[in-house]
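In: Provided below are the primary sequence and the corresponding predicted coordinates.
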Amino acid sequence: NFVVNASKTGMDEPKKTTIVVKTVTTFHDDGNVTTDTTSETTVEPVPDYDPNLWLEDVEADKCLDWARAMNKRTLMTLGNPKANPIHDRVLAALDTKDKIPYVSEVGGMFYNLWKDEKNKRGLWRRTTLESYRTATPEWEVVLDIDALNAAEGETWVWKGSNVIDFGPDEPHDVALLKLSRGGADATVVREFNLVTKEFVAEADGGFVLPEAKSSVTWKSRDVLLIGTDTGKGSLTDSGYPREVREWKRGTPLSSAECIFAGEAADVSVRAYCYYDKGATYNMLSRAMTFYTSKDYVFHNGAYTEIPIPEDADVSTFFDQFLIQPRTDWEVAGHKHLAGSLLSVKVADLMAGKHDSLVSLFSPTEKTSLAHYAATKTYLMVHVMDNVLTKVRFWKYTDGAWAKEDRVWALPNMAELSVWSINADTSDDVWMTSSGYTQPTTLYYGSAAETEPPLGSQVKALPGQFNADGLVVEQYEATSLDGTKVPYFLVRKGDLAFDGTAPTVLYGYGGFEISLQPSYMSTFGIGWLERGGVLAMSNIRGGGEFGPTWHQAALKEKRHKAYEDFIACADDLIARKVTSTEHLGCMGGSNGGLLMGNMLTMAPEKWGAIVCQVPLLDMRRYSKLLAGASWMGEYGNPDIPEEWAYLKRYSAYQNVKKGVAYPPILFTTSTRDDRVHPGHARKTAKKLVDYDQASTLYYENIEGGHGGAADSSQSAFVKTLEYEFLWKTLNKL
């Protein structure tokens, strides 16, 4: 009763309570017995007491009423974004008809999902390569998502397609489409006929999966390997599939046979069936954590575990396994460093042989593997060299790899990315170039070319903001332990260096994700064009320098990422780019946890904070939505030894009364089913309850983990964020 009453009265935390209970029993001569009771007992408060727990009930009326009231308060403070001239420009940039329509090749046709001001949820359309390479391609609409929503009374958001593909000589005529309500991660899967351009009804034998966080792959035209919610025990604690089932066309989902299962504590289990340059693979993967898994391949008539370390990633190239170990791996007398890329014949490795093992990349202090892409005969290895990408080439012929003495790279801190047009049939590639001030350009070429195909431009995004006079630089900050931490700086060339420039430091620092240069049109419109400065940090926890850079901020070492971020802030101030009152920071998701810790660990460093779709309550994160899947990154709060360090960066718990916190804007989405909106709700409410009047909050009712379900919602939220930062940091 005490806890309930405390919650009702809005008390911050329960105090120790004394209950007096004393019992005196009297036996009377007439046979009657009477009892008089008093005693004294001290009751300790509930350790995990949380007066704001009710805000975790995502769609409860009282929670949505609270969110709407906070939204109204924020809009009254900052103004309606739609009335801001920046809004229309941001929306125009998101909806521009001049943006590059990226395509995927399937069966000789090139598919694209297109969104603009008319088609807010998108048109799935296709064209030929010849037409695509012209200035005005002729598109054939395959599916109109907005029209589908109108017809079905839904709020579908496109989440991707899985077209049947058993090689270039087989038909590519049906696909499994993933549609989510309002942008959530959970999707409905429906079979679609690419010839008739219609869904295949269940009554006609079509595959349809109800809403869940499903995985699905084609085993054959009439058989799927699926992971989905089929009832008790079918999902992991993280809410992802725990089982792989074989589902035959025309049979009820309930009859699908379970062919593989993981444990409830796993992150997920899934199957992969695909064609690769003449080889066909049927594989299973059981992810125990975000970074460890057991992988199996159907080999010699049975699923057999691939003999590699549990922390290694594996894929294929024709008859080769491609392996990326996250820790040093000693095999056959050779030590391969964490972050290497290795190749070995599938048949050899499954037979326990390593004679054909080849190292395709080994990291150094400043170089790491970003990713790789394959064509029919080439592997294009994207290497980050001090965070900037260079592409190296290996050619596979007659069962052997040969490294070619050439590198693709771009000047002026521009990024490039190369991928195949069809890895099964040709060495033709797409390449993009992009930079903070350089609009993205798409090129067509061949992996066999000596230099990047800069003379074969196919599409180019026009400049979306005025970048005249902007310069891009790269600096290093020195973290508390002496580690050098790079960051990019985008500023006006005539910056005064008097400490008055409104500056935003952006960060993420987790899950091996690297922050590299890219064209950020909305940031350019809303911030850089006004005279604001952007600093992009490459702190530990990311993947900028490979697995060791990531592992340096895992679990109990998380504080290293936060120290790196603070070091970047200090370096900006030391260079007189800005000063505390003009320095803001921004980050989302795991970067939102970073922002929460900047609020609680170093409130004196910041003039403003934007905390997007954040993770903040590390006591309960593993019990909310997909949170359990991230325990490999953060730790398990239910283990006392791990909670001992987790509580040091659990921002929600670390918000205290009487501290002068900087202005902060939280943005989140009701429909985010990855990071629970309760993180942002509870922290914002706690700050408001502690009389932090400069705390603002905006919750989009749709949007998923991206925070917005379409470009109009995205433009609204982005404008709100930029306006908050400008009003707060642009002080004379």
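Out: Here it is on my side, so go on.
In: just give me the residue closest to the centre of this protein.
Out: Ser589 (7.5 Å; CA atoms, centre = their mean).
In: check what pLDDT the closest residue to that one other than its chain neighbours gets.
Out: Spatial nearest neighbour of Ser589, excluding adjacent residues (CB to CB, 6 or more residues apart in numbering): Val613 at 5.4 Å. All C-beta atoms are positioned from the backbone trio N, CA, C, and that covers glycine. Looking at Val613, its pLDDT reads 95.
In: before we move on, what about the one 10 residues further on?
Out: The model reports Lys623 with a pLDDT of 93.
In: and it, how close does it get to His676?
Out: 9 Å (CB to CB, to the nearest Å).
In: so the two - more neighbours on which side?
Out: His676 (25 against 14; other CB atoms under 10 Å).
In: the more buried one should be in a helix, yeah?
Out: No: read with DSSP: H, G, I helix; E, B strand; the rest coil, His676 is coil and lies in no helix.
In: report the contact partners of it.
Out: Taking CB atoms under 8 Å, 6 or more residues apart in numbering, we find His676 in contact with 56, 58, 621, 624-625, 627.
In: out of those residues, who's nearest Leu554?
Out: Tyr621 (15.4 Å; CB to CB).
In: pLDDT below threshold where in the chain?
Out: Where the chain drops to pLDDT under 70, the residues are 1-47, 702-709, 732.
In: and Asp564, how many neighbours does it have?
Out: For Asp564, using other CB under 10 Å, the count is 30.
In: helices and strands around the helix or strand harbouring it, which ones?
Out: According to DSSP states H and E, Asp564 maps onto helix 559-574. Helix 559-574 sits against strand 470-478, strand 484-492, strand 503-506, strand 533-537, strand 583-588, helix 590-601, with contacts defined as 3 or more CB pairs under 8 Å, 6 or more residues apart in numbering; DSSP states H and E.
In: how far off helix 559-574 does the second one point, in degrees?
Out: Looking back up the chat, that one is strand 484-492. 40 degrees (axes from the mean of the first three to the mean of the last three CA atoms, to 10 degrees).
In: name the helices or strands packed onto strand 484-492?
Out: Strand 484-492 packs on strand 470-478, strand 533-537, helix 559-574, going by 3+ CB pairs under 8 Å, 6+ apart.
In: Gly233 is nearest to which of those?
Out: Among the helices and strands packed on strand 484-492, helix 559-574 sits nearest to Gly233 (CB to CB), with 36.4 Å.
In: buried residues, that closest one. List them.
Out: 560-573 (16 or more other CB atoms under 10 Å).
In: and the helix holding Asp564, how far out from the chain's middle?
Out: 23 Å (CA atoms, centre = their mean, to the nearest Å).
In: what's the angle between it and strand 470-478?
Out: 120 degrees.
In: now do helix 559-574: everything it contacts.
Out: 475-481, 483, 485, 487, 489, 499, 503, 505, 507, 509-510, 535, 537, 539-541, 552-553, 578-580, 583, 585, 594, 597-598, 601-602, 605-606, 648-649.
In: may I have that helix exported as CSV, CA atoms only?
Out: Taking Å, rounded to 0.1, in the frame of the first residue of the first chain, the C-alpha atoms of helix 559-574 are listed here in CSV:
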residue,chain,number,x,y,z
HIS,A,559,32.5,5.3,-19.8
LYS,A,560,35.4,5.4,-22.3
ALA,A,561,33.0,6.5,-25.0
TYR,A,562,31.7,9.3,-22.8
GLU,A,563,35.1,10.4,-21.9
ASP,A,564,36.0,10.5,-25.6
PHE,A,565,32.9,12.7,-26.4
ILE,A,566,33.8,15.1,-23.6
ALA,A,567,37.3,15.3,-24.9
CYS,A,568,36.0,16.3,-28.3
ALA,A,569,33.9,19.0,-26.6
ASP,A,570,37.0,20.3,-24.7
ASP,A,571,39.0,20.3,-27.9
LEU,A,572,36.4,22.4,-29.7
ILE,A,573,36.5,24.9,-26.8
ALA,A,574,40.3,24.9,-26.6
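In: angle of it against strand 583-588?
Out: Using the same axes, to 10 degrees: helix 559-574 against strand 583-588 is 150 degrees.
In: between helix 559-574 and strand 533-537, how many degrees?
Out: Using the same axes, to 10 degrees: helix 559-574 against strand 533-537 is 150 degrees.
In: just confirm Ala477 contacts Tyr487, I think it does.
Out: Yes: at 6.4 Å, Ala477 counts as touching Tyr487 under the criterion of CB atoms under 8 Å.
In: Ser417 belongs to a strand?
Out: Yes: the assignment for Ser417 (three-state DSSP) places it in a strand.
In: show me what it is bridged to.
Out: Thr432 (DSSP bridges).
In: OK, contacts around it?
Out: 382, 389, 431-432 are the contacts of Ser417 under CB under 8 Å, 6+ apart.
In: helix or strand: which one has Glu211?
Out: Using DSSP H and E, Glu211 maps to strand 208-212.
In: just the C-alpha atoms of that strand, please, in PDB.
Out: The C-alpha trace of strand 208-212 is given here as PDB (Å, rounded to 0.1, in the frame of the first residue of the first chain):
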ATOM      1  CA  VAL A 208       0.700 -14.400 -45.300                       C
ATOM      2  CA  LEU A 209       2.300 -13.900 -41.900                       C
ATOM      3  CA  PRO A 210       0.500 -11.800 -39.200                       C
ATOM      4  CA  GLU A 211       2.200  -8.900 -37.500                       C
ATOM      5  CA  ALA A 212       5.400  -9.900 -35.800                       C
END
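In: identify each buried residue in stretch 364-372, please.
Out: Residues of stretch 364-372 classed as buried: 367-372 (neighbour count, 16+ other CB under 10 Å).
In: then stretch 604-612?
Out: 605-612.
In: now do it: everything it contacts.
Out: Residues contacting stretch 604-612 (CB under 8 Å, 6+ apart): 504, 566, 569-570, 580-589, 591-592, 595-596, 598-599, 660, 662-668, 680, 707, 721, 724-725, 728-729, 731.
In: ditto for stretch 418-430
Out: 105, 129, 167-168, 275-278, 373-378, 380, 382, 391, 408, 431, 442-448, 453, 458.
In: those in helices, which ones?
Out: Leu129 (DSSP state H).
In: relative to Ala402, how far out is Pro363?
Out: 21 Å.
In: between these two, which is the more surrounded one?
Out: The neighbour count for Pro363 versus Ala402, taken as other CB under 10 Å, is higher for Pro363 (20 against 10).
In: just to check, that one is in contact with Leu369?
Out: Yes: at 6.7 Å, Pro363 counts as touching Leu369 under the criterion of CB under 8 Å.
In: anything in contact with each of those two?
Out: Residues touching both Pro363 and Leu369 (CB under 8 Å, 6+ apart): 339-340, 546.
In: show me what counts as buried in the helix or strand following the strand holding Glu211.
Out: Going down the chain from strand 208-212, the next helix or strand is strand 215-220, by DSSP H and E. Going by neighbour count (16+ other CB under 10 Å), the buried part of strand 215-220 is 215-219.
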